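Novice: with the sequence up front, the predicted model follows.
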Amino acid sequence: MAFKKEQSFGTKPTEVRDSDHFTSEYADSLAEKWDDIIDWDSRVKGEGSFFIDKLREYGAKYVLDVAAGTGFHSVRLIESGFSVTSADGAPSMLAKAFENAKARGHVLRTVCADWRWLNRDVHGEYDAVICLGNSFTHLFNEHDRRKALAEYYAALKHDGVLIIDQRNYDSILDDGYSSKHKFYYCGDKVSVQPVHVDEGLTRFEYKFPGKDSFHLNMFPIRKDYMRNLLGEVGFQTVTTYGDFQTSFEESEPDFYVHVAEKKYNPELKEK
């Protein structure tokens, strides 16, 4: 898979609604600046130990991070005692993840893999699969989303758990964009906001000091659609958190986290 030096959306960027396009959106130039967007130290403060606690709650040891990005969660989990395999579809981000981990004294097990045929490139079974950073919304059609979730499901042990997150697109679509600037994208020198929103596309702009700006095109997945999709793929129980809390008003969270359990639940037959 080739490294792309710069982003390119052509002459009609809002018409780029293609699951295959995201790898080129994470060009070398954006990968080099991505950590300025998320700010590792601030992100740690924002999410605390939520993911570490959840994984321990489910007894997970072997974790597959399918959206490793520049390695933030992979490194945190390694330093918390988990055995982590780090995958991503964008080679530039995965190379940056390896570099970041090495700077902290770790050697990442990395695999460049497309989620839609994940098990072709990633072998073994895992206690947990995590897909974080609003990454799943790079998939623009339902066929791709179902296939990716089926691949996650297959990568899990019989009682494994998938942890997957997303922006609160319901709020963005229905009420307009707002952000507490507390979770995920915490860098204080970078502005992040959508420059186009409709039911089929949210195009985000990331503006850095000076003239540098980058864009990402994403599909605005609604919360209940995502929960239903997880159930239809085979996950037995789905618990959703809003900004890491169990209790929330629908319009409040910036991000949702879904914890989807594969373990068979016989009580569901009675519903």
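Specialist: Yep, it's here. Residues are numbered from 1 along each chain as shown.

Novice: could you look up the SS state of the residue nearest to Ala128 when sequence neighbours are not counted?
Specialist: Distance criterion C-beta to C-beta, 6 or more residues apart in numbering; nearest residue to Ala128, sequence neighbours excluded, is Ala60 at 4.0 Å. Heads up, the C-betas are built off the backbone N, CA and C, glycines and all. At Ala60, secondary structure determined by DSSP: H, G, I helix; E, B strand; the rest coil is coil.

Novice: which residues does Ala60 contact?
Specialist: Shown in contact with Ala60 (C-beta atoms under 8 Å, 6 or more residues apart in numbering): Phe82, Asp127, Ala128, Gly160, Val161.

Novice: export these to CSV and tack on pLDDT, neighbour count and distance to Thr237?
Specialist: CSV is the format used below for the contacts of Ala60 (pLDDT from 0 to 100; neighbours: other C-beta atoms under 10 Å; distance: C-beta to C-beta, whole Å):
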residue, pLDDT, neighbour count, distance to Thr237
Phe82, 98, 21, 22
Asp127, 98, 19, 16
Ala128, 98, 27, 15
Gly160, 98, 25, 12
Val161, 98, 26, 9
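
Novice: okay, and the beta partners of Leu201?
Specialist: Counting by DSSP bridges, Leu201 is bridged to Asp198.

Novice: show me the contacts for it.
Specialist: By C-beta under 8 Å, 6+ apart, the residues touching Leu201 are Thr14, Arg17, Asn217, Met218, Phe219, Pro220.

Novice: and it, how far is that from Thr14?
Specialist: 6 Å (C-beta to C-beta, to the nearest Å).

Novice: touching both of those two, which residues are there?
Specialist: With C-beta under 8 Å, 6+ apart as the test, Leu201 and Thr14 both reach Asn217.

Novice: got phi/psi on Ile164?
Specialist: Backbone dihedrals for Ile164, given as degrees, to the nearest 10, come out at phi -140, psi 140.

Novice: not counting its neighbours along the chain, what's nearest it?
Specialist: Closest to Ile164 by C-beta to C-beta, 6+ apart is Cys131, at 4.4 Å.
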